[in-house]
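Asker: Coordinates for the following, if possible.
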Amino acid sequence: MNPEALGKPLGQYSQVTRVKASELLFIAGQVATDQSGKTVGADDFDAQCHQVFANIATALASQGAGFANVVEFTTYLVHSQDIAKFMAYRLREFPRMFPGGAYPPNTLLIVDRLVQEPFLIEVQTVAAL
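Answerer: Below you'll find the model as predicted:
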């Protein structure tokens, strides 16, 4: 939902999500590592975004869920210069992930660094089952 009093969202997210759920799924922040733990796209922000959201999809699927179950994202970027790249990624990919156009709320934070130096993005997810 996007209450008129809050104004139009600045990107592909909703201002408010109301959910009735019997369970919540909390997914730890996902970074750009493959199944073996190897970093994907060391200097490629778009490749890291792709891997991060692939990891989220895998975590959701492991619990019988999908992106339709997501009720909130918290996104951490290392460089403010990547905000435009992140918005472009979401503009391009979110319509496929959320075909109904109901994008979950997202809080975007710029941090000094993530757990390892090569990581440019980390996304934490909450889903309702």
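
Asker: switch to C-alpha atoms for all contacts and neighbour counts from now on
Answerer: OK.

Asker: what ranges do the strands span in the chain?
Answerer: Residue ranges of the strands in the chain, as given by DSSP state E, are 24-30, 70-77, 106-110, 121-128.

Asker: May I have the strands that pair with the third one, each with its orientation?
Answerer: I take that to be strand 106-110. Using DSSP bridges, the strands paired with strand 106-110 are strand 70-77 (parallel).

Asker: who's in contact with the partner strand?
Answerer: The set of residues external to strand 70-77 that reach it, using Cα atoms under 8 Å, 6 or more residues apart in numbering, is 17, 19, 83, 104-111, 120-128.

Asker: Enumerate the positions of it that are buried.
Answerer: Residues 70-73, 75-77 are the ones in strand 70-77 that count as buried (16 or more other Cα atoms under 10 Å).

Asker: How about stretch 93-110?
Answerer: Burial within stretch 93-110, assessed by neighbour count using 16+ other Cα under 10 Å, is assigned to 94, 97-98, 102-106.

Asker: Can you give me the first-to-last residue distance of it?
Answerer: Between the opening and closing residues of stretch 93-110 we find a distance of 21 Å, counting by Cα to Cα, to the nearest Å.

Asker: centre of the chain versus it, how much separation?
Answerer: For stretch 93-110, the gap between its own C-alpha mean and the chain's C-alpha mean amounts to 7 Å (Cα atoms, centre = their mean, to the nearest Å).

Asker: Out of the strands of the chain, which is closest to residue 6?
Answerer: When the strands of the chain are compared by Cα to Cα, strand 106-110 sits nearest residue 6, at 14.7 Å.
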